[in-house]
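Q: need a 3D model of the following:
(2 chains, ligands or ions: 2)
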Amino acid sequence: MSGDSTVPGTPSDPCVVAENVAMKYKVISTEEQSKPPSLHRKFLRRFKPNPNTVTVNALNELSLIVRRGESVGVIGRNGSGKSTLMKLISGQARPTSGAIHATSTPIMLGVNAALVPELAGDQNVILGGLAMGLAMEEIEARFDEIVEVSGLEKSIHLPMKSYSSGMGARLRFAIAACGNPEILLVDEALNTGDAQFAARSKRRMDELREKAGCVLLVSHSLTTIKDMTGRVVWLDKGDLIMDGEPKEVTKRYMEFTKLLAKGNNDSAFALRAELRSSLEMVNVVNAPESSRSPQVVR
Amino acid sequence: MTEAVGQLPQPAAVHDVPVDLSKLKRVGARPKFLDYLVQLWDFRQFTYYDARARIQSGTRRDKLGSAWLILNPIFNGLTYFLVFGLLLNTSKGIPNFIGYLVIGVFMYQITSGAIMSGARSMQQNKALVQGFSFPRAALPIGVNLREFLGNVPMIIAMLLIVLVVPPAEPITWRWLLLLPVLALQFAFNLGVGLILARMISKVNDITHLLPFFLRLVMYLSAVFYSLDRFKDHPTILKVMEANPMFIIIDITRDAVLYGVTPSLMSWAMLTAWASIVLVVGMVFFWRAEESYVRG
Ligand SMILES: Nc1ncnc2c1ncn2[C@@H]1O[C@H](COP(=O)(O)OP(=O)(O)O)[C@@H](O)[C@H]1O
Ligand SMILES: [Mg+2]
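A: Ligands and ions are numbered 1, 2, ... in the order given. As a prediction, this is how the structure comes out:
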């Protein structure tokens, strides 16, 4: 099912609700201060625990409601906060402020590889399955299928630390894909690995998407996004720019990136500002069922 | 990228959308304590598998493999025997010093190993914590279980040494008392591990202090000397006798080595230590449940 089920006028139940979430990272920068430090400063700096911390606003305050049956694509330039948003929704990171609410634990098909590096691939499959809350019998029943999806064959018995990053990502995908998540998050997993794996993982993804209650998909391929989603969210530098029909949003996003590629930054940012100023945002209000009035905004 | 960080304009409108949040669950939210315990029970297969899989991988790199689980405390015992038994002669007045020393060293190593691994369990499993949303205490529990399973050959070795090395001691029914001691020791180790695991997940520097702390505990637990040397200092003696590590070692020596039934007082003290530390550890660890993901 693609996201076309959100016909205006019939709001279905929300599956994922992001309520004013924001994410800041504190990182240590090696960038020198403008003034050259004096000798004793240099000496002191060796012992200072946090030499030069910088706050990165990965995601600015944002609210988002994804309803049952929706497939939402997330697009944006590198570093715009797409992966951060997915991590927050899946619970891999905790937002600096705000909260994520969901009907069940979202499962992310991501690209981060190692689970327990010193254990073999097959042991990681079982451990990962158990960690997702599957029963041992379920995992055993699906074990061959998982190994097949991962395409690792004999290497499944080797320690995971000996895997290439592509192999690790494939195994990670296969493990996450063996649960049948209600809420499925995909972060560019389609683009990992070789062509053979891409075909196999696409098949498994299609199955999962059909079963899942709702899907959030991050991809740089606008064709994938248009094919697979019924709604697209465009993030730029941690801000929401557009939220709407895939055709419209991807078209505008293409315009934007083309302008940037030509070095035409001013018109690019003018376009971005124009789109942002016509954006309709949501504000989540907690209301018990009875007092709810039908209203459609996204 | 050189880009003027232009201020973004305000959006056209912000619509209030009513949502019944009570129908949804907050992602990563900490459950109530009792629900948490139920969750842990539901994840018992994960905990057990985690423990078992890692025992096998732990010593795989060594040529002698799992023999090191026994060789390690034996070499430790030998070292202490050389230094304290022969050179410093702290063995004065201790009957069956070798047995005395072996039980002290082995029982101490069980606790120090378990506390060390328990303390590091969160920090060393970041990938697992960030990838999945199981109750986090499953990791320290799994690690303690792994330590316990890994220690079974060591305990058997300890008993064999007591049986075989002269003066050989006979087996009595009191050897069965080793089981409750090990259970209480497990609870105590787990409790301390849970407390330290939360602290280390916040302040990693504590990992560097831990070995010193554990060594101090060893020196204070009469592993290679007898508390009789403090019999003229009743206060010191009282404090030393309240040390849970000492009680564990002392009860084991009484039951396995000297054929004496350990006093009710020692049992009561050890039970109190173990249960209080475990409960405090569980609650303390659970209260930070949402923060471990941040690493
Ligand atoms: N773990 C992290 N620590 C520090 N900064 C991070 C971390 N993850 C992401 N960031 C920063 O947050 C911003 C958004 O990153 P990300 O969400 O990965 O973007 P995208 O997936 O859209 O390319 C970037 O500026 C990135 O440098
Ligand atoms: Mg990314």
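Q: I'd say B:S91 and B:G99 touch.
A: No: with contact defined as Cβ atoms under 8 Å, B:S91 does not reach B:G99; the gap is 11.2 Å. Placement of C-beta: from N, CA and C, glycine included.
Q: quick one, which of those two is more surrounded?
A: When B:S91 and B:G99 are compared for neighbours, B:G99 comes out ahead with 23 against 19, by other Cβ atoms under 10 Å in any protein chain shown.
Q: who are the contact partners of that one?
A: Residues near B:G99 by Cβ atoms under 8 Å, 6 or more residues apart in numbering or on different chains: B:161-162, B:165, B:167, B:169, B:253, B:256-257.
Q: next step: those residues restricted to helices.
A: Among the contacts of B:G99, the ones falling in helices (DSSP state H) are B:161-162.
Q: what about chain A, any weak spots by pLDDT?
A: Chain A contains residues with pLDDT under 70 at A:1-11, A:31-51, A:110-114, A:189-194, A:290-298.
Q: need the helices for it, in chain order.
A: Under DSSP H, chain A gives helices at A:39-47, A:82-90, A:121-131, A:136-150, A:165-178, A:195-211, A:222-228, A:246-261, A:265-277.
Q: then chain B?
A: For chain B, the helices defined by DSSP H cover B:33-42, B:44-58, B:68-80, B:97-120, B:126-131, B:138-164, B:178-202, B:206-219, B:234-242, B:244-252, B:264-287.
Q: how about these, which one is nearest A:G238?
A: helix B:126-131 (20.7 Å; Cβ to Cβ).
Q: using a markdown table, please lay out the helices of chain A together with distance to ligand 1 and mean neighbour count.
A: Output for the helices of chain A, formatted as a markdown table (distance: least, Cβ to the nearest ligand atom, whole Å; neighbours: other Cβ atoms under 10 Å in any protein chain shown):
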| stretch | distance to ligand 1 | mean neighbour count |
| --- | --- | --- |
| helix A:39-47 | 21 | 9 |
| helix A:82-90 | 3 | 25 |
| helix A:121-131 | 21 | 24 |
| helix A:136-150 | 24 | 17 |
| helix A:165-178 | 15 | 24 |
| helix A:195-211 | 19 | 15 |
| helix A:222-228 | 14 | 17 |
| helix A:246-261 | 13 | 16 |
| helix A:265-277 | 15 | 16 |
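Q: how about the residues of the stretch 1-150 of chain A near ligand 1?
A: A:25, A:27, A:56, A:58, A:76, A:78-84 (Cβ under 6 Å from any ligand atom).
Q: from those residues, pick the one nearest A:G238.
A: Closest to A:G238, out of all of these and judged by Cβ to Cβ, is A:G81, at 4.4 Å.
Q: which phi and psi values does that closest one adopt?
A: Per-residue torsions, A:G81: phi 100, psi 10 (degrees, to the nearest 10).
Q: right, and the helices of chain A - which one's nearest B:F230?
A: helix A:39-47 (41.7 Å).
Q: what packs against the longest strand along chain B?
A: The longest strand of chain B (DSSP state E) is strand B:13-19. Strand B:13-19 sits against strand A:280-286, with contacts defined as 3 or more Cβ pairs under 8 Å, 6 or more residues apart in numbering or on different chains; DSSP states H and E.
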